[in-house]
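Engineer: coords please:
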Amino acid sequence: MTEHHRRPWRRLLAVITAALTATIGALVAPAGPASAFAPKTPPLSTPWTNQVSTTNPLPEYPRPQLTRPDWQSLNGIWQFAGTSNLNTPPVNQNLGEEILVPYPIESALSGIMRRQDYSYYRRTFTVPTGWSGKNVQLNFGAVDWQSKVWVNGTLLGTHEGGYDKFSYDITSALRSGSNEIIVGVWDPTEGQDIPVGKQRINRGGIMYTPYSGIWQTVWLEPTNPARITRLDTTPNVSAGGLDLIVQAANASGQSVTAQVLSGGTVAGTATGTVGSSFRISVPNAHLWTPSDPFLYDLKVTLASGDAVGGYFGMRSLGMAMLGGVLRPTLNGRFVYQLGTLDQGYWPDGISTAPTDAALRFDLEQQKALGFNMVRKHIKVESDRWFYWADRLGLMVWQDMPALGSGKEPSAIGRTRYEKELKELVDEHKGITSIVQWVPFNEGWGEYDAGRIADLVKSWDSTRLVNHNSGSNCCDSDPDPGNGDVIDDHMYVGPGITRAPSATRIAVNGEYGGLGLRVAGHEWPTAGKFAYEWLPDSNALTSRYVQITGKLVDLINGNGLSGSVYTEPTDVEEELNGFFTYDRQVQKMDFARVREVNLRVLGAANGTTLSTNKLASLRVTTPGYTGNYLRHREGAARTDAISASSAATDRQDATFYVRPGLASSSCYSFESRNFPGQYLRHRAYRVYKEANDGGSTYNADATFCARPGLSGGGTSLEAYNMAGYYMRHRNSEVWMDANTGGSFNDDATWAVSPALWKSGADLTVGQNRSFRVTTPGFDTRYLRHREGLARTDVIGTGSAATDRADATFTVRAGFADSSCFSFESVNYPGQYLRHASYRLQKASNDGTTTFQQDATFCAQPALNGGSGNVSLESFNYPGYFWRHYGEAVYVATNGGGNTWDNPGSFAADATWNNATPLG
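Structural biologist: Residues are numbered from 1 along each chain as shown. Okay, the predicted model is just below:
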């Protein structure tokens, strides 16, 4: 029981005070609870939990895009009470509890830490004397979900929407001295058809604790009666300026002057009219990129005197056909969008970061890990979050918070959704870092997706629109085919099921979800969740490196243009983070994470190639994108080659990418079917020739990867002839300097997955047996028994059935003829295939899944040895036949399954291609 309830006489005093107030027209603020306020103890504490001020929390100016010099924060301790409705505001009444604004009611930092459908907040304030003669605005960053606001008993309005900011001009309701604010809040969460994102009253798994009430900064500011309310900034790089629309209140038709500043120096000035677009020249613009996130300052002044500050980055967004693949562009070039699924949850503040430093930390860490993009997942953050994304250089995919999942939204739900979606777009048009709008996620609350995508595009034509991230998944309606993005989700992945089209780029909007438990740093509930569990930090890191490394082939071979890893931090039961939920423990080796992330970005911009792997070099010149570089009769040339071409043609167009013979920072290309012979230039022409070991040959056979001259792919510059690039000319391949015309396209190559995927040879039609090579077990052979693959000791004296079970006929691979399928000799029509990672014998049912599961690519033995081979899964690259505890699996070194154990992996995944036993 509070001090207030223990002393009934204080209730009487409150009644007397209210009567006096009505008589003399001045509020005497009632006393609050006597005990000192303290936040509750959160289930987990972050490094910033104890840094939260109870007198001035989140003191930073909350609106970096519309700054004024004078303002007053109302963050801090307010009175609080639960209620059953919002019909009777407690004017001039003490409330029995205290809450720390702006932390949501359910959070520990708020001091309440419970669910409350209906609530009242109350506090008093005094307007600074220096604001005399000004209008006073009361601003709310966000209140979830419906709010009513009273000042001195006057109802100012009702607002609905949990993620958008709103304001009231409270000038007419003010009086001298102390003033009273009451905020009533109703938040039904999923009890009503409203945008809720991942909030659930019945939380758990991938759904989280709801957040209610005031959860972003509340503040006052003095303004002129005619005041600027929003700056809609659109950088127009091609026109050399910033397009600006100034939104204002009580200023219709007024002229407005805008100045662009760089380092305090005026770079451009222009005058326009409120509500109409006008352009400020920005000559020789310093462009914003993730690697160089340069921002200009902006000052805007109404003719009547109101003036605000802001900022923007000069950058262009678009799509372009590059190398035969539609790509998103930033400043006219393809920049692969490598991001994380940032959900914006905190164990102490739930939706609200405890401090601005904490808010910045999450983004800084993602940038430090090598990411250049963040997908803000079905939540809208404060303006400060977007400021840090702009300042640090992280592109943003901005999701719309979803309606409830698993049901069709009602008519009122759709109206609410579209209203809040419009607010999201309008309020964030000036955010430089936002490159994509995402109205729906995995079909949650999805309806009219094609119409909604077009609607968003009509509101903002400058950014890409992704109608539904994960449209291959879950609750999704059929893909309407419009918007700018094809977005698949694939766990663990990564991967995509659909290629980019002539009008839509392809991205993998979610993959990963690798989990690791860290005792003492977990949310204290049961039901922990991850898409794949790893036993320790080293295994987790290795698995991340492995799956993320696959993006390289997806970028070059499948046209992938962006990917989103789940996720930066653990969130409640979800334990998929780089950090634990409390941000106290790094769960991976961050140096290794950064290295593979930079390798992916390098592969996308053409500067980094994966070494000691097979690849093919595809022409990117429009009209010739089905041609590949190949050797024929010693000379390099380009021919049209496909998966149905002759084996010799596909092999001739396949090369091992090796570290450069003359410099390991560059590359050499070894013929797949003529080992020891490399591409080299001689008298400017490119040939395949044997390595003579000389320094001239080594230099001639070394090429340095450069960003594609055409804006995508890779250009290969001669190591020993600066400015000369490998280019195709009349089907021949030469080293040329830039001759203009189609040179940039002709000298740009897509380093694609190999046309011939097997690096080792097996003879189709032969019967073979596969002997274990692991020392101590090398008398065992792979065989099927009761349908499952395993290893047993088998020799020439073994039973005929055992020897037949260990014998297979090599067939051309069902899914790719450059790989192989293995038919049982004693069960014709049945083949080795993997299912749930276990290798087994099964009948060919003709399905695509079976054909892929039953196809394996022969590779040079992981553990070496004459006559040995390793067999890699066609549809699980990086997974090989591996015997483990007598059973045989498709396994990956250091993966999340028991049979992925790295101990003796190379030996266990190496098989002797033996004379058939049966």
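
Engineer: any residues touching stretch 891-901, and which ones?
Structural biologist: With contacts defined as CB atoms under 8 Å, 6 or more residues apart in numbering, stretch 891-901 is touched by 492, 514, 532-534, 538-539, 542-543, 546, 837, 876, 878-880, 882, 884-885, 887, 889, 902, 905-906, 908-909. Placement of C-beta: from N, CA and C, glycine included.

Engineer: So the closest residue to G162 other than its chain neighbours versus S351, what's the distance?
Structural biologist: Spatial nearest neighbour of G162, excluding adjacent residues (CB to CB, 6 or more residues apart in numbering): D144 at 3.4 Å. Distance, D144 to S351, using CB to CB, to the nearest Å: 8 Å.

Engineer: so where does N744 fall, helix or strand?
Structural biologist: Taking DSSP states H and E as the definition, N744 sits inside helix 743-746.

Engineer: Against which helices or strands is that helix packed?
Structural biologist: If contacts are counted by 3 or more CB pairs under 8 Å, 6 or more residues apart in numbering; DSSP states H and E, helix 743-746 sits against strand 725-729.

Engineer: so what secondary structure elements neighbour the strand it packs on?
Structural biologist: So strand 725-729, by 3+ CB pairs under 8 Å, 6+ apart, packs with strand 714-718, strand 732-736, helix 743-746.

Engineer: Of these, flag the one that's most buried.
Structural biologist: Mean neighbour count, computed with mean count of other CB atoms under 10 Å, is highest for strand 714-718 among these, reaching a mean of 25.

Engineer: tilt between that strand and strand 725-729?
Structural biologist: Angle, strand 714-718 to strand 725-729, by axes from the mean of the first three to the mean of the last three CA atoms, to 10 degrees: 110 degrees.

Engineer: mean confidence for strand 714-718?
Structural biologist: Computed over strand 714-718, the mean pLDDT rounds to 97.

Engineer: Compute the inter-axis angle for that strand and strand 732-736.
Structural biologist: Using the same axes, to 10 degrees: strand 714-718 against strand 732-736 is 70 degrees.

Engineer: quick one: common contacting residues for D144 and S351?
Structural biologist: Residues within reach of D144 and of S351 at once, by CB under 8 Å, 6+ apart, are P104, Y211, W215.

Engineer: surely the first one meets Q216?
Structural biologist: If I follow you right, that is P104. No: with contacts counted by CB atoms under 8 Å, P104 stays clear of Q216, the gap being 9.6 Å.

Engineer: Need the overlap of contacts for these two.
Structural biologist: T352.

Engineer: Following element in sequence after whichever strand or helix holds W397, please.
Structural biologist: Assigned by DSSP H and E, W397 belongs to strand 395-399. Note on strand 395-399: by DSSP H and E, the next helix or strand toward the C-terminus is helix 411-427.

Engineer: What mean pLDDT does the following helix or strand past that following helix get?
Structural biologist: Note on helix 411-427: by DSSP H and E, the next helix or strand toward the C-terminus is strand 434-438. What strand 434-438 shows for mean pLDDT is 98.

Engineer: between strand 434-438 and helix 411-427, how many degrees?
Structural biologist: Our comparison of strand 434-438 with helix 411-427, counting by the same axes, to 10 degrees, yields an angle of 170 degrees.

Engineer: Just the residues contacting strand 434-438, thanks.
Structural biologist: By CB under 8 Å, 6+ apart, the residues outside strand 434-438 that reach it are 317, 328, 330, 337, 373, 375, 386, 395-400, 425, 428, 456, 460, 463-466, 468-469, 484-485, 509.

Engineer: quick one: that strand to chain centroid distance?
Structural biologist: Relative to its chain's centre, strand 434-438 lies at 11 Å (CA atoms, centre = their mean, to the nearest Å).

Engineer: Same question for stretch 396-413.
Structural biologist: With CA atoms, centre = their mean, you get 19 Å for stretch 396-413.
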